[in-house]
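J.: What follows is a predicted structure for the sequence shown.
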Amino acid sequence: MKRSLSGIKPTGRPHLGNYLGMIKPAIELQDQYEGFYFVANYHALNGNPKADQLREETYDVTASFLAFGLDPKKSTFFRQSDVSEVTELCWILSNVVSLGDLSRAHAYKAAKDKGVEGRLNLGIFSYPVLMAADILLYDSDIVPVGKDQIQHLEMARAIAKRFNHIYGDTLKEPTELIKEDVAVVPGTDGQKMSKSYGNGIDPLLPSKQLKKQVMSIVSDSKELEDIKDPDTCHIVALYKFFASAEELATIKENYRKGGYGYGHAKLALLERLESYFSDARNEYNRIRPDLGYLEQTLNEGAAKAKESARVVLERTRKACGIQ
Ligand code: ADP
Ligand code: TRP
């Protein structure tokens, strides 16, 4: 069976962009692929989070994945740091990556351009190497991610190629799986939805807070009676992910007719989100306080992940002569 792998940093509860761009596609693959999905807590360390916060957010992400439908019997779900083999592979790989390539990585360049060079740490600089290690350690075939991760996948492939060129065929070259329609989900301000832009919609929030986020979606200043353009509206852009073809056609027609306000559209979106995520929200609230269950799931996942990781790590150690 081919393998699918992806990770997400524990830096807050997943938003709709994370859900549509990565979590949902990953979960959809769980019947056809051997899935390896993990909470990338080593990666989150580069922001120097408080220890308690990192632990709690690791549980938030774990409970979210399970609530959204990940079946830990079908896919292996684990905490990155529980398979510390990845740090050894990262070290080995760091010797076949050029500083030039790393300094062209988007995340590093963006941090540098923001003028925060003094606060840049080695973890940020070598982020793509650890990510390559995550992927290559499990002989992954495909990696479901949003569009912003393409460069990281290209680097992982280049690193595998380079290692194989030097030491012979050892590491499998992965391919990204990016669904075009959800490649970049817009946030409440129309920019890419991102935890760092404060423009997220968290579908697991209680109703009142979810409503507040939906109501904050930015629109233009057209009045209720005005004719509106559904194709440039952020509300419709989100609505289409949760509506049937018929519902989408109706809302578009309402926009073009006039007499239908952005407030109406927001309430329609809210109603769709409430119903789509109702079960997930209940499940999240049920399992999130049960740390025993979350730990058990993570530990069982780590044990399975370790078995695979050891095989690839041993092969890699032998190939380069440290074993
Ligand atoms: P953020 O940008 O909010 O910090 P992450 O970097 O943790 O999100 O992303 C986790 C996963 O979710 C990645 O696969 C990423 O590509 C995907 N993703 C994040 N934001 C979006 C978005 N707005 N649209 C589509 N996919 C997204
Ligand atoms: N860099 C990814 C993100 O910010 C998270 C991640 C870490 C990842 N390791 C990975 C994604 C391996 C896919 C495969 O979202």
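T.: Happy to help now that I have it. Ligands and ions are numbered 1, 2, ... in the order given.
J.: care to break the protein down by domain?
T.: 3-186+290-320, 207-276 (automatic domain parsing).
J.: Which one of those domains lies nearest to ligand 2?
T.: Judged by C-beta to the nearest ligand atom, the one of the domains of the chain that comes nearest to ligand 2 is domain 3-186+290-320, at 3.4 Å. Yep, even glycine has a C-beta here, placed from its N, CA and C like the rest.
J.: Please identify the buried residues of the lengthiest helix in the chain?
T.: Secondary structure of the chain per DSSP state H: the longest helix is helix 291-320. Neighbour-count burial for helix 291-320 flags 294, 297-298, 301-302, 304-306, 308-309, 312-313, 316, 319-320 (criterion: 16 or more other C-beta atoms under 10 Å).
J.: and that helix, what other elements does it pack with?
T.: Where contact means 3 or more C-beta pairs under 8 Å, 6 or more residues apart in numbering; DSSP states H and E, helix 291-320 is packed against strand 34-39, helix 51-68, strand 76-79, helix 85-93, helix 150-167.
J.: can we see that at 10 Å?
T.: Judged by 3 or more C-beta pairs under 10 Å, 6 or more residues apart in numbering; DSSP states H and E, helix 291-320 is in contact with strand 34-39, helix 51-68, strand 76-79, helix 85-93, helix 127-136, helix 150-167, helix 278-287.
J.: Rounded mean pLDDT for that helix, please.
T.: For helix 291-320, the mean per-residue pLDDT is 98.
J.: That helix and ligand 2 in contact?
T.: No: if you take C-beta under 6 Å from any ligand atom as the test, helix 291-320 misses ligand 2, and the best it gets is 12.6 Å.
J.: Tell me how far that helix lies from the chain's centre.
T.: Centre-to-centre, helix 291-320 and its host chain are 20 Å apart (C-alpha atoms, centre = their mean, to the nearest Å).
J.: the inter-axis angle of it versus strand 34-39?
T.: Angle of helix 291-320 versus strand 34-39, following axes from the mean of the first three to the mean of the last three C-alpha atoms, to 10 degrees, is 110 degrees.
J.: Specify the angle between helix 291-320 and helix 127-136 in degrees.
T.: Per the same axes, to 10 degrees, the angle that helix 291-320 makes with helix 127-136 is 90 degrees.
J.: Can you give me the buried ones in the one helix or strand in the chain whose mean pLDDT sits lowest?
T.: None of the helices or strands of the chain scores lower by mean pLDDT, DSSP states H and E than helix 106-113, at a mean of 86. By neighbour count with 16+ other C-beta under 10 Å, helix 106-113 contains the buried residues 108, 111.
J.: now for it, which elements pack on it?
T.: helix 99-103, helix 122-125, helix 127-136, helix 150-167.
J.: Pick the most buried one from the ones you listed.
T.: helix 127-136 (a mean of 26; mean count of other C-beta atoms under 10 Å).
J.: Check the offset of the helix or strand following that helix from the chain's centre.
T.: Remark: after helix 127-136, the chain's next helix or strand is strand 142-144, criterion DSSP states H and E. In terms of C-alpha atoms, centre = their mean, the centre of strand 142-144 is found 11 Å from the chain centre.
J.: how about low-confidence regions in the chain?
T.: Confidence mapping of the chain against pLDDT under 70 gives the ranges 117.
J.: One more pass at 90, please.
T.: 107-120, 183, 196 (pLDDT under 90).
J.: which bits of it sit near ligand 2?
T.: Counting by C-beta under 6 Å from any ligand atom, the chain sits next to ligand 2 at 5-9, 40, 43, 131, 134-135, 143, 145, 149, 152.
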